[in-house]
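Student: This is the structure alone, sequence omitted:
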């Protein structure tokens, strides 16, 4: 275990790197050291090392274990419960794929989940869109694949996070596009003849980071000081949140399981509510008097 390089060092990152930064660094390094592009002797070994690092750092649970225990988290001999995340074979980062003809089967078995149906044939959806990276490596050849027509479909925030069905016209035909719950910008739905890329409109209330959601919620000074309850909006409706006495402005509250549905597995992300104490711009005479009395009391 002592001979293994630090996963963050391999990708040129620090422990504070975000999920987006990890993915970006991985793609850059994978392009640089892919054996079909880089003919240096150690390119293949470095490519495997890069993918091993990405498999751990791109998975929230594995990353947490690695941050806490280092490589020992995945060494069976160490006694940690995590075990070896690469047991049973080593996948090349997000590049796990298989091919099948358009006439049957899921062309993204082992990589995509779920399928919808349309008048153009079976449809599935990508999570990492690996072919874009391979098209960069092989100049668009994509192992003999011809470039497919691609269309974009703009949907509302809630239609993406909760799932929906849209009817569109493509090539003079009406087609139904099933948006999977948890879809985000760049999610690609594949039909036999073309691809549809999802563009998600931003939401005024919720901000999304992966499968987690963030929102600001204003509370009054008296609620912050004395405590109380607040009706906090979630993507499923209103939720009662208990405000503790003495809550400071910008306190962050985590609501587990109130985020976005995962595409690749069961479960949801979390909703983070930032409580902001509202200070009124103008006070009535009575309010000023009460606050002055409070100030006198220290």
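Tutor: That came through, no problem. Keep in mind that what you see is a predicted model, and the values were worked out from it rather than measured. Residues are numbered from 1 along each chain as shown.
Student: for the chain, what helix or strand is lowest in average pLDDT?
Tutor: Scoring the helices and strands of the chain by mean pLDDT, DSSP states H and E places strand 116-118 at the bottom, with a mean of 35.
Student: what about the protein, any weak spots by pLDDT?
Tutor: 1-3, 75-147 (pLDDT under 70).
Student: Now do the domain split for it, please.
Tutor: 7-78, 116-200, 207-278 (automatic domain parsing).
Student: As JSON lines, these with distance to residue 292 and mean neighbour count would be great.
Tutor: C-beta: built from backbone N, CA, C; applies to glycine. Below are the domains of the chain laid out as JSON lines (distance: least, CB to CB, whole Å; neighbours: other CB atoms under 10 Å):
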{"stretch": "domain 7-78", "distance to residue 292": "44", "mean neighbour count": "16"}
{"stretch": "domain 116-200", "distance to residue 292": "45", "mean neighbour count": "16"}
{"stretch": "domain 207-278", "distance to residue 292": "14", "mean neighbour count": "15"}
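Student: Among these, which comes closest to residue 297?
Tutor: domain 207-278 (12.5 Å; CB to CB).
Student: ok now do the residue sitting nearest the centre point of the chain, which residues does it touch?
Tutor: A centroid search over the chain (CA atoms, centre = their mean) returns residue 210, at 2.4 Å, as the residue closest to the centre. By CB atoms under 8 Å, 6 or more residues apart in numbering, residue 210 lies in contact with 19, 260, 269.
Student: Quickly note the distance from it to residue 53.
Tutor: Distance of residue 210 to residue 53, computed by CB to CB, to the nearest Å: 19 Å.
Student: repeat for residue 215
Tutor: 33 Å.
Student: Identify the residues contacting the helix or strand hosting residue 27?
Tutor: Assigned by DSSP states H and E, residue 27 belongs to helix 19-33. Contacts with helix 19-33, where a contact means CB under 8 Å, 6+ apart, come from 10-13, 17, 37-38, 43, 46-47, 50-51, 53-54, 57-58, 93, 133, 136-137, 209-210.
Student: go with 6 Å
Tutor: Applying CB atoms under 6 Å, 6 or more residues apart in numbering, the contact partners of helix 19-33 are 11, 12, 13, 43, 46, 47, 50, 54, 57, 58, 133, 210.
Student: Which ones among the residues you listed map onto helices?
Tutor: 43, 46, 47, 50, 54, 57, 133 (DSSP state H).
Student: which residues does residue 177 form a beta bridge with?
Tutor: residue 166 (DSSP bridges).
Student: With residue 272 instead?
Tutor: Bridge pairing for residue 272 - DSSP bridges - gives residue 214, residue 254.
Student: ok, so what distance separates it from residue 288?
Tutor: Residue 272 is 35 Å from residue 288, by CB to CB.
Student: and what of residue 17?
Tutor: 48 Å.
Student: Let me have the contacts of helix 19-33 in JSON lines, extended by distance to residue 281.
Tutor: Below are the contacts of helix 19-33 laid out as JSON lines (distance: CB to CB, whole Å):
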{"residue": "11", "distance to residue 281": "47"}
{"residue": "12", "distance to residue 281": "47"}
{"residue": "13", "distance to residue 281": "43"}
{"residue": "43", "distance to residue 281": "62"}
{"residue": "46", "distance to residue 281": "58"}
{"residue": "47", "distance to residue 281": "58"}
{"residue": "50", "distance to residue 281": "53"}
{"residue": "54", "distance to residue 281": "49"}
{"residue": "57", "distance to residue 281": "46"}
{"residue": "58", "distance to residue 281": "45"}
{"residue": "133", "distance to residue 281": "52"}
{"residue": "210", "distance to residue 281": "36"}
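Student: And the strands in the stretch 51-200 of the chain?
Tutor: In the stretch 51-200 of the chain, the strands defined using DSSP state E, counting those that start in this stretch lie at 116-118, 121-126, 150-155, 164-170, 173-179, 188-190, 195-200.
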